[in-house]
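>>> Attaching a predicted model along with its sequence, questions to come.
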Amino acid sequence: MVNKERMVNEFIELVKTDSLSLQEKKMARLLKKKLEEMGLSVFDDGAGIKLGGNTGNLICNVEGTKKVPPILLMAHMDTVIPGIGKKPIVEGNIIKTDGTTILGGDDTAGIECIMEVLKVLKENKIEHGDIQVVFTIGEEKGLLGAKNLDYSKIYAKYGFVLDDGGDIGEVAVTAPSQNKIDVRVKGKAAHAGVEPEKGISAIKIASSAISEMTLGRIDDETTANIGIINGGQATNIVCDLVEIKAEARSRNQDKLNRQTAHMKECFDKAAIKYGGAVEFVSSLEYPSFNISSEDRIMTILERAANTCGLTFKPVPTGGGSDTNIINGKGIQAVDISVGMENVHSVNEQINIDNLVKAAEFLLAIIESIDN
Ligand SMILES: [Zn+2]
């Protein structure tokens, strides 16, 4: 029922549509027009105004023909850079670019699966429950669209986000929460040649703290990283300020708290040792989620995979996605592989058969929803 040629043509049309984060208007217009041509009504939730973007998230409600729990299908409209003027090339079974831009299969592949499945449902008069389609903005800039989505309009019970790589049938069912950490290490400036004794080096404090810190992979569900360090003005000035951006992630909230406290403690100790000061600010970037094997959504996914001859493989992911946010809003949701490969690079590509299989899987999921 899934039409491969139609999918490839529309995927290419979408890829050719520029859609950088918070500049998704062209893409939103195109999708709105396509959904309206299917007889569906679409609205913009206004999130773009809050975020300084040129469009909001798109919400489209597809009325069900049978009484089963309503579901949410979600994909993001924005792509990373370099993403302007993408020229998709079909080479055998692969779609890639000319190597100067990303392909944007992340997340055009997810959008295309949803678009194709909506057509298939309609033309084959397949019975289904209420479907809420949400195309988000600003995902790549920190899940901004999902965080600012108008949840008063969302009543779905289960969510299926189509925004992952891996074999088709692979589904991310658990992901960590992330703390975003901003640190300001303060020392005292002095002439480095004339009277260095009067100075306190913020660089020395920061490096001493970081050298004592446990970072990288902490355990199988926890990671931590210092990502950015800025500081210093000249070699003849004892540096009085270092600014650091870091993160910690874990699928276990206690472990996340512990790792964050450990990082703070290392900075505090070093500041005391050298007589400086530290401002340490940690904020939750997104919450974790963890679907258990007992949850109903697992049965739905497994049954759907069996129907289309796929192996259902529930997997953990170390990344954050819109899935984290909607789980945090009380909608049980998973992130499904749509076959995107080498994302966020100019070598990004997608295998056409995988794209088709992902749409078939999504169709089977919708048909597997029951009471
Ligand atoms: Zn993505």
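Nice, I can see it. Just so it is clear, the model here is predicted, and its values are computed rather than measured.

>>> Every contact and neighbour count from this point should use C-alpha atoms.
Will do.

>>> Quick test: name the residue nearest the centre of the protein.
Compute the mean C-alpha point of the chain, and by C-alpha atoms, centre = their mean the closest residue is Ser321, 2.7 Å away.

>>> how much space between the closest residue to that residue other than its chain neighbours and Ala75?
Leaving out its chain neighbours, the residue that sits closest to Ser321 by C-alpha to C-alpha, 6 or more residues apart in numbering is Leu143, at 6.6 Å. Leu143 is 11 Å from Ala75, where distance means C-alpha to C-alpha, to the nearest Å.

>>> More neighbours: which of those two?
Ala75 (27 against 21; other C-alpha atoms under 10 Å).

>>> Could you look up the SS state of the more buried one?
Under DSSP: H, G, I helix; E, B strand; the rest coil, Ala75 falls in the strand class.

>>> same thing with Val356?
Quick answer, by three-state DSSP: Val356 is helix.

>>> residues in contact with the longest helix belonging to the chain?
Once the chain is assigned using DSSP state H, the helix that runs over the most residues is helix 253-274. Here helix 253-274 makes contact (C-alpha atoms under 8 Å, 6 or more residues apart in numbering) with 177-179, 185, 200, 205-206, 208-210, 212-214, 222, 224, 248-250, 277-278, 280, 282.

>>> cutoff 6 Å now
Identification of contacts with helix 253-274 by C-alpha atoms under 6 Å, 6 or more residues apart in numbering yields Ile205, Ala209, Ser250, Ala277.

>>> wait, which of those is closest to the ion?
Nearest to the ion, judged by C-alpha to the ion, of those is Ser250 at 20.0 Å.

>>> Find the nearest non-adjacent residue to that closest one, please.
In space, Ser250 is closest to Thr222, 4.1 Å off (C-alpha to C-alpha, 6+ apart).

>>> buried stuff in the longest helix of the chain?
Across helix 253-274, burial judged by 16 or more other C-alpha atoms under 10 Å covers 253, 255-256, 259-260, 263-271.

>>> what does stretch 202-219 give?
Buried residues in stretch 202-219 (16+ other C-alpha under 10 Å): Ala202, Ile203, Lys204, Ile205, Ala206, Ser208, Ala209, Ile210, Met213, Leu215.

>>> what about that stretch, distance to the chain center?
28 Å (C-alpha atoms, centre = their mean, to the nearest Å).

>>> what does that stretch rub up against?
Applying C-alpha under 6 Å, 6+ apart, the contact partners of stretch 202-219 are 185-187, 223-225, 239-242, 266-267, 270-271.

>>> which ones among those are found in helices?
Those of those lying in helices (DSSP H): Cys266, Phe267, Ala270, Ala271.

>>> ok, those vs Thr79, which is closest?
Top of the list for closeness to Thr79, among the ones in helices among the contacts of stretch 202-219 and by C-alpha to C-alpha, is Phe267 at 36.1 Å.

>>> Show me where this structure has its helices.
Going by DSSP H, the chain shows helices at 4-15, 25-37, 47-51, 105-123, 144-147, 202-211, 253-274, 296-307, 322-328, 352-368.

>>> Tell me which of these sits nearest to the ion.
Here helix 105-123 is closest among the helices of the chain (C-alpha to the ion), at 4.6 Å.

>>> That closest one vs helix 25-37, what angle?
Between helix 105-123 and helix 25-37, the angle comes out at 10 degrees (axes from the mean of the first three to the mean of the last three C-alpha atoms, to 10 degrees).

>>> Pull out the buried residues from helix 105-123.
For helix 105-123, using 16+ other C-alpha under 10 Å, the buried residues are 105-121.

>>> near the ion too, which of those residues?
Filtering the buried residues of helix 105-123 for neighbours of the ion using C-alpha under 5 Å from the ion leaves Asp106, Asp107.

>>> Who is Leu90 paired with across the strands?
Small correction: residue 90 is Val, not Leu. Under the criterion DSSP bridges, Val90 forms beta bridges with Ile95.

>>> what's the neighbour count on it?
Count around Val90 with other C-alpha under 10 Å applied: 16.

>>> before we move on, back to that, these two touch, right, the residue nearest to Ser250 and Ala248?
No. Counting by C-alpha atoms under 6 Å, Thr222 stays clear of Ala248, with 7.4 Å between them.

>>> So which of those two has more stuff around it?
Set Thr222 next to Ala248 and count neighbours by other C-alpha under 10 Å: Ala248 wins out with 29 against 22.
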